[in-house]
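Engineer: The following block contains a protein sequence and its predicted model.
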Amino acid sequence: MHRILKTGKGTITLLAVLASLLSPAGLLAWSEHPLVTYPVLNALPEVTGAAPVAVEPIEAFLAAEGEKLAVLLAAEETWAKGHLTWYPPLPESLTFKAGGDPATLRARFCRAIRINPRAAFALYLQQPPGSTAPGGRTLRPAEISFLADTADWAKTAFFAVAPGERLRPLAIAVSASDEPDLLGLDIGLFTDNQTEFGKTYGFGPQPFGNPNLEYGSQAPFHMGFYHEAPIVNLLAGFLKKTLPEYRIHLYKSLARFAFATGHPYWGWRFTGLGLHYLADLAQPYHATVLPGVSTVYALWINTIDMVGVQGPKNDAVQLVSNRHTALEKFVHVVLQRAYGQGETGHPILAALANAPEGLPYSDRAPREVVAKGAHAKADETDRLLEEAMPQKFVSDPAFELGSSPEREQIVERVVQERGQNAADRLTLLARTLLEPFGTSGRGYVRAVLDPSPKEK
């Protein structure tokens with residue numbers, strides 16, 4: 001049941017990637033991105049002091065700026081081809097053109113930026129727990145997203161908003177930071193994903209992960225394996241075919257464009273979209289192929305798997321999957337409770353709000369700052385999870401945490417089985433992992449709002 005991915009003459013089992021796709025929960029770097037985006041943006045006067053802006057349907061934005069948008073997207077294509085080694089060029093047939101049938105405008109835009117054309121970009125807000133409701137009709141996740149599985153948002157509050165309604169920029173950007181996951185923007189984009197658009201987008205076969213799982217196909221857009229050992233890259237060059245930098249730069253450019261052309265609602269919404277991918281790269285299991293497993297051991301279990309000895313590989317897959325899920329779920333539960341109880345000074349929230357100032361944002365930051373820092377902490381993260389989490393959750397390869405209802409009680413189980421000190425250590429770990437997103441996220445927003453500094 002575990003896939004072996006092949007590339008030319010070299011073959012390697014991508015254990016961590018496969019592991020992260022064994023359950024829907026495991027693929028998400030952080031559940032409910034607004035939980036980590038809010039404190040970052042709430043600490044920025046440029047955001048909190050910005051005047052409310054009018055809600056605008058995406059069709060109105062596209063119709064008003066079609067010709068200029070075509071120029072902007074052409075420039076974005078030139079940038080991507082010149083800066084991203086593994087970038088697959090946009091097929092000429094998908095190039096965005098102004099005019100045409102208004103009924104197809106949104107779908108043509110989605111195809112031009114190569115996201116899932118089923119994304120309707122509904123008008124809504126997603127509120128963190130404890131936030132003041134905006135007053136609109138409560139929405140179910142199924143009214144916003146086409147995803148078959150929206151269990152991760154079962155307790156999330158969504159509210160409808162109307163065109164022309166004026167909203168705080170903070171609320172718009174924070175809400176949009178969850179959309180790459182919630183709206184399924186990066187799902188089904190490869191030729192082997194059984195979608196008609198995936199066959200036309202030019203991304204080729206899915207380079208890693210399981211194309212048969214709903215969330216599985218978004219992995220190459222949300223993970224960045226930029227700092228693996230040379231031998232791993234040699235045997236599995238397809239690991240380099242990751243595209244979060246493409247998305248981060250694209251949404252930065254679209255946000256700047258929207259602000260410059262008088263569409264601030266979409267300026268803030270595109271800003272939130274870009275922040276999603278930055279936060280994903282702060283998760284060690286999204287920046288490292290196999291945390292806690294040496295390169296030598298990974299190659300050995302791959303070798304014996306190729307001759308039919310699958311036990312060590314299967315065990316490694318399951319353990320990495322469970323540890324990925326354990327970290328993500330622990331942070332999710334802790335932050336939900338912190339918001340619900342009004343703990344604005346919670347250590348994780350404080351770290352995000354008070355992260356140190358960094359250098360001005362650079363297009364190298366996602367790779368060389370955020371992902372590099374997460375990769376450097378990967379083995380330490382894996383080790384601490386083994387020490388502080390319940391043994392069943394992270395050290396039993398016969399157990400599947402991603403589908404177990406026990407994961408919802410993960411904080412209580414940590415305290416019961418490992419003690420309060422273990423929970424405190426895990427909280428400190430999450431604080432350390434997320435702090436770089438606080439720094440780079442602020443830099444990203446400022447780069448959107450003030451594009452004057454030259455970026456490299």
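Structural biologist: That came through fine.

Engineer: Average pLDDT for stretch 325-337, rounded please.
Structural biologist: The pLDDT scores in stretch 325-337 average 94.

Engineer: For it, give me every contacting residue.
Structural biologist: 23, 25-26, 28-32, 35-36, 129, 155, 283-285, 343, 346, 348-349, 381, 385, 389, 393-394, 401-402, 407-408, 410-411, 414, 426-427, 429-430, 434 (Cβ atoms under 8 Å, 6 or more residues apart in numbering). In short, each C-beta sits where N, CA and C put it, glycine included.

Engineer: same check, this time on stretch 288-296
Structural biologist: Here stretch 288-296 has contacts from 14-17, 225, 227-229, 231-232, 239, 284-285, 298, 316, 320, 323, 374-375, 378-379, 381-383, 386, using Cβ under 8 Å, 6+ apart.

Engineer: Buried among these? Need that as a selection in PyMOL.
Structural biologist: Provided next is the PyMOL selection string for whichever of the contacts of stretch 288-296 are buried by 16 or more other Cβ atoms under 10 Å:
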select buried, resi 14+15+16+17+225+227+228+232+239+284+285+298+316+320+323+374+375+378+379+381+382+386
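
Engineer: Which ones among the contacts of stretch 288-296 map onto helices?
Structural biologist: Counting by DSSP state H, the contacts of stretch 288-296 place 15-17, 231-232, 284-285, 298, 316, 320, 323, 374-375, 378-379, 381-383, 386 in helices.

Engineer: All the helices of the stretch 251-400 of the chain, residue numbers only.
Structural biologist: 264-281, 284-287, 295-306, 311-340, 347-353, 365, 372-376, 378-388, 391-395 (DSSP state H, counting those that start in this stretch).

Engineer: Put together JSON lines for the ones you listed, with distance to residue 81 on each row.
Structural biologist: Shown next, in JSON lines, are these (distance: least, Cβ to Cβ, whole Å):
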{"stretch": "helix 264-281", "distance to residue 81": "19"}
{"stretch": "helix 284-287", "distance to residue 81": "24"}
{"stretch": "helix 295-306", "distance to residue 81": "32"}
{"stretch": "helix 311-340", "distance to residue 81": "33"}
{"stretch": "helix 347-353", "distance to residue 81": "34"}
{"stretch": "helix 365", "distance to residue 81": "21"}
{"stretch": "helix 372-376", "distance to residue 81": "24"}
{"stretch": "helix 378-388", "distance to residue 81": "31"}
{"stretch": "helix 391-395", "distance to residue 81": "42"}
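
Engineer: Can you say which of the ones you listed is nearest to residue 138?
Structural biologist: Closest to residue 138 of the helices of the stretch 251-400 of the chain, according to Cβ to Cβ: helix 311-340, at 17.3 Å.

Engineer: hmm, back to that, can you flag the buried ones in the contacts of stretch 325-337?
Structural biologist: Buried subset of those (neighbour count, 16+ other Cβ under 10 Å): 23, 25-26, 28-32, 35-36, 129, 283-285, 343, 346, 348-349, 381, 385, 389, 393-394, 401-402, 407, 410-411, 414, 426-427, 429-430, 434.

Engineer: Could you tell me how many residues sit around the closest residue to residue 238 other than its chain neighbours?
Structural biologist: Counting by Cβ to Cβ, 6 or more residues apart in numbering, the nearest residue to residue 238 once its immediate chain neighbours are dropped is residue 207, at 4.2 Å. If you count neighbours by other Cβ atoms under 10 Å, residue 207 ends up with 22.

Engineer: I figured residue 207 hits residue 225, correct?
Structural biologist: No. Applying Cβ atoms under 8 Å as the test, residue 207 and residue 225 come out as separate, 10.4 Å apart.

Engineer: Can you check which residues contact both of these two?
Structural biologist: 239, 242.

Engineer: What pLDDT does the model give the residue located most distally from the centre of the chain?
Structural biologist: Largest separation from the mean C-alpha position in the chain: residue 307, at 35.6 Å (Cα atoms, centre = their mean). Note on residue 307: pLDDT of 71.

Engineer: ditto for the one 5 residues further on
Structural biologist: The score at residue 312 is 74. That number is its pLDDT.

Engineer: Surely it touches residue 298?
Structural biologist: No. Under the criterion of Cβ under 8 Å, residue 312 lies out of contact with residue 298, with a separation of 10.1 Å.

Engineer: Find the nearest non-adjacent residue to residue 413, please.
Structural biologist: Nearest non-adjacent residue to residue 413 (Cβ to Cβ, 6+ apart): residue 390, at 4.9 Å.

Engineer: quick one: the strands in the stretch 151-300 of the chain?
Structural biologist: Per DSSP state E, counting those that start in this stretch, the stretch 151-300 of the chain carries strands over the ranges 157-160, 166-167.

Engineer: now swap in the stretch 1-150 of the chain and tell me
Structural biologist: Going by DSSP E, counting those that start in this stretch, the stretch 1-150 of the chain shows strands at 5-7, 10-12, 53-54, 124-127, 138-139.
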